[in-house]
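Chemist: 3D, please:
(one chain, ligands or ions: 1)
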Amino acid sequence: MSLMVKICGLREQMAVEQAVNAGARYLGFIFYPPSVRALRPDEAATLMADIPDNVGKVGVFVDPSDREIETVLALCPLDVIQLHGRETPDRVAQVALRSGLQVMKAIQVETADDLGALSAHVAAADMILFDAKAPRDGAAVPGGNGLAFDWQLLQNLTIDKPWFLAGGLNKENLALAVELVDPPGVDVSSGVERWPGAKDPAKLDAFLAEARRLADLHKAS
Ligand SMILES: O=C(O)c1ccccc1NCC(=O)[C@H](O)[C@H](O)COP(=O)(O)O
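Modeler: Residues are numbered from 1 along each chain as shown. Next up is the predicted model:
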């Protein structure tokens, strides 16, 4: 098993370099102004300048207009557009067609009902990311909240596209999450931070080392 790791919400050059060197497969940059992790396109372009081709650059959007996406793409060489709002499968397909890029659709999960539209999203998107629902607080943003959902809801999931488990992951709970869900990829933001928006070098390294350890364990078994 190789476990893909996506580190999300990067804002600092050092953290970008560290995540690349420690084996992250995807790096996420937030283009949603209400988030503390949001970047302007020019700031993100600077951070992306030296990312090698084997590491995917993911732009995270929430119910974006075509114009918002085009403004980012004019400066940022994204590989993947992550849609983290209430986008329908039709909108996901439209974004993929217009941008020519891969699209990752985030599905926010609290109960089994939240998986009702999964097959339509799988058909429309190139990748799926399962995350926890945001707290029911008007000020909450839809991701990066450090909250886990009931991972058992994803047990025995078979989907024929790459997918990621996200939401409240950290070095301590990664082994249990991987054992229960066996995801092809995992995504983390808060669990590798000192505070929202500031990645912690020690936590980043520890998370990526744990992901490698789990992948090696799986290979050996
Ligand atoms: O991270 C944000 O600030 C954010 C804001 C709005 C939409 C999505 C956002 N993050 C998307 C991600 O992919 C996060 O990594 C994912 O929600 C998991 O976050 P965490 O629970 O903090 O590890």
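
Chemist: so the residue lying closest to K199 once chain neighbours are set aside: helix, strand or coil?
Modeler: Closest residue in space to K199, ignoring its immediate chain neighbours: A15 at 3.7 Å, by C-beta to C-beta, 6 or more residues apart in numbering. Placement of C-beta: from N, CA and C, glycine included. Of the three states, A15 takes helix under DSSP: H, G, I helix; E, B strand; the rest coil.

Chemist: begin at 8 from here
Modeler: With 8 as the first residue, the last one maps to A22.

Chemist: show me what contacts A22?
Modeler: Applying C-beta atoms under 8 Å, 6 or more residues apart in numbering to A22 gives the contacts 14, 206, 208, 211.

Chemist: beyond the strand ranked longest in the chain, next helix or strand please.
Modeler: Secondary structure of the chain read by DSSP state E shows that its longest strand is strand 109-116. Following strand 109-116 in sequence order, the next helix or strand is helix 125-131 (DSSP states H and E).

Chemist: what does that following helix rub up against?
Modeler: Under the criterion C-beta under 8 Å, 6+ apart, residues 96-97, 99-100, 103, 110, 112, 114, 135, 166-168 lie in contact with helix 125-131.

Chemist: make it 7 Å
Modeler: Outside of helix 125-131, the residues within contact range by C-beta atoms under 7 Å, 6 or more residues apart in numbering are 96, 99-100, 112, 114, 135, 166, 168.

Chemist: check stretch 193-201 too.
Modeler: For stretch 193-201, the surrounding residues in contact (C-beta under 7 Å, 6+ apart) are 10, 12-16, 136, 151, 153, 171-173, 175-177, 181, 203, 206-207, 210-211, 214, 218.

Chemist: same thing with stretch 96-107?
Modeler: When contacts are defined by C-beta under 7 Å, 6+ apart, stretch 96-107 is touched by residues 73, 76, 80, 88, 90, 110, 112, 124, 127-128, 130-133.
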